[in-house]
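A.B. asks: I'd like to go over a predicted model; first the sequence, then the structure.
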Amino acid sequence: PMVRIEALRDAALNKRHSNDEFFYLFYKRYSECEGTSEYERYSEAYYYAFSNLTPHITDGELIVGETSGSFPEEQAAEWEVKYKEICKSRCSKAGGGQDSHMAVDYELVLNCGIRGVIDRIDGYLAKCDDAKKEFYKAAKKCLLAVIKHSESYALCAEEMAKKEIDEKRRIELLKISEMCKNIPASPSESFYEGVQAVHFLSYCLSLNPLRYCAQQFQLGHPDRYLYPYYVKDVNNGRITKAEAQELLDCLGVQINMRVPRGLSSGYMVGGRDKDGQVVANE
């Protein structure tokens with residue numbers, strides 16, 4: 001396992017970190033939707049960006065979800081000349097805020113999947129007033145964008161598996177493909193799926209078009225919301241402790257790749273619950 005992690009670490013250190021492809025796609029569509037409401041314009045651009053964003057899987061990765069750092073020269077030139085100033089102008093008006101220091105409800109996504117959250121939104125849409133409907137419709141479309149992007153990773157991994165000559169890696173890629181077809185759209189069924197779902201959601205959240213940079217987004221208490229999956233899988237012989245550690249190491253590398261240099265992101269472990277009981281676990 002350490003050979004894999006060292007290789008991924010070296011690749012991460014040498015990678016050019018850039019989210020320009022995402023911002024180009026977002027502001028291209030955002031510009032085309034001028035004249036619509038801000039909610040509709042934002043969600044349409046967000047969906048377009050994630051539907052067309054290039055999936056990228058580094059050799060040896062087990063946890064996927066990262067920007068490629070490059071895109072076609074013609075689009076790059078168009079971004080620099082036509083859309084970058086629109087992006088910077090809009091981002092400068094977004095104000096301060098520390099929203100990326102929050103931890104979202106990862107447990108909800110693990111238990112319900114994004115489609116479960118969308119079902120809740122549909123319930124709100126059925127009974128809320130018109131003023132709120134626009135917001136919920138936009139939220140729904142943004143969540144569908146995350147599913148769309150995960151499906152593109154499933155296809156990418158499947159295509160890579162067809163060309164892979166190393167049998168072990170080919171099996172890993174097929175597993176990634178199958179996993180990305182199911183989560184984070186559906187509830188997680190294993191520790192591996194849980195780690196992948198948590199990373200993919202935070203990775204998509206970090207690409208915030210209101211800020212011209214990726215954001216940190218903390219992972220809260222993964223030792224609590226992932227622990228039931230870990231215990232079940234270890235007891236059923238589905239995963240070893242070493243394999244679980246390897247997945248968490250892969251997650252750590254991914255966190256470093258999505259967080260801008262000079263900033264930090266992380267998660268908490270241990271501590272006590274609301275009744276003061278120690279909740280630290282292995």
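C.D. replies: In hand now; what should we look at?

A.B. asks: any idea of the pLDDT on L263?
C.D. replies: For L263, the model assigns a pLDDT of 76.

A.B. asks: Chain neighbours aside, what residue packs nearest to it?
C.D. replies: Q216 (5.7 Å; C-beta to C-beta, 6 or more residues apart in numbering). For glycine as for every other residue, the C-beta is placed from the backbone atoms N, C-alpha and C.

A.B. asks: residue contacts, the one you found?
C.D. replies: Taking C-beta atoms under 8 Å, 6 or more residues apart in numbering, we find Q216 in contact with 100-101, 206, 259, 263-265.

A.B. asks: hmm, 7 Å instead?
C.D. replies: The neighbourhood of Q216, defined by C-beta atoms under 7 Å, 6 or more residues apart in numbering, consists of 100-101, 259, 263-265.

A.B. asks: So which of those is the closest to G123?
C.D. replies: S100 (28.5 Å; C-beta to C-beta).

A.B. asks: Give me the phi and psi angles of V278.
C.D. replies: Note on V278: backbone dihedrals following degrees, to the nearest 10 are phi -70, psi 130.

A.B. asks: Please verify my assumption that it contacts V269.
C.D. replies: No: using C-beta atoms under 7 Å, V278 is not in contact with V269, being 12.0 Å away.

A.B. asks: Show me which of the two is the more surrounded one.
C.D. replies: Ranked by neighbour count (other C-beta atoms under 10 Å), V278 and V269 place V269 first, with 12 against 9.

A.B. asks: per-residue confidence at the more buried one?
C.D. replies: Looking at V269, its pLDDT reads 93.

A.B. asks: now S92
C.D. replies: pLDDT recorded at S92 is 59.

A.B. asks: Likewise for D99?
C.D. replies: As predicted, D99 sits at a pLDDT of 67.

A.B. asks: F23 is in contact with I86, isn't it?
C.D. replies: No: taking contacts as C-beta under 7 Å, F23 lies outside contact range of I86: 9.7 Å.

A.B. asks: which one of the two has more residues nearby?
C.D. replies: Using other C-beta under 10 Å, the more surrounded residue of F23 and I86 is F23, with 24 against 14.

A.B. asks: so how far is P222 from that one?
C.D. replies: 29 Å (C-beta to C-beta, to the nearest Å).

A.B. asks: before we move on, what about M179?
C.D. replies: 18 Å.

A.B. asks: who's more crowded, the two?
C.D. replies: Ranked by neighbour count (other C-beta under 10 Å), M179 and P222 place M179 first, with 25 against 20.

A.B. asks: got a list of what the more buried one touches?
C.D. replies: M179 neighbours (C-beta under 7 Å, 6+ apart): 193, 196.

A.B. asks: need the next SSE after the helix or strand it falls within, C-terminal direction.
C.D. replies: Applying DSSP states H and E as the criterion places M179 in helix 167-182. As assigned by DSSP H and E, the chain's next helix or strand after helix 167-182 is helix 191-206.

A.B. asks: helices or strands up against that next one?
C.D. replies: helix 106-127, helix 130-163, helix 227-235, helix 241-258 (3 or more C-beta pairs under 7 Å, 6 or more residues apart in numbering; DSSP states H and E).

A.B. asks: would a markdown table of those helices with mean neighbour count be doable?
C.D. replies: Shown next, in a markdown table, are the helices and strands packed on helix 191-206 (neighbours: other C-beta atoms under 10 Å):
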| stretch | mean neighbour count |
| --- | --- |
| helix 106-127 | 16 |
| helix 130-163 | 17 |
| helix 227-235 | 16 |
| helix 241-258 | 18 |
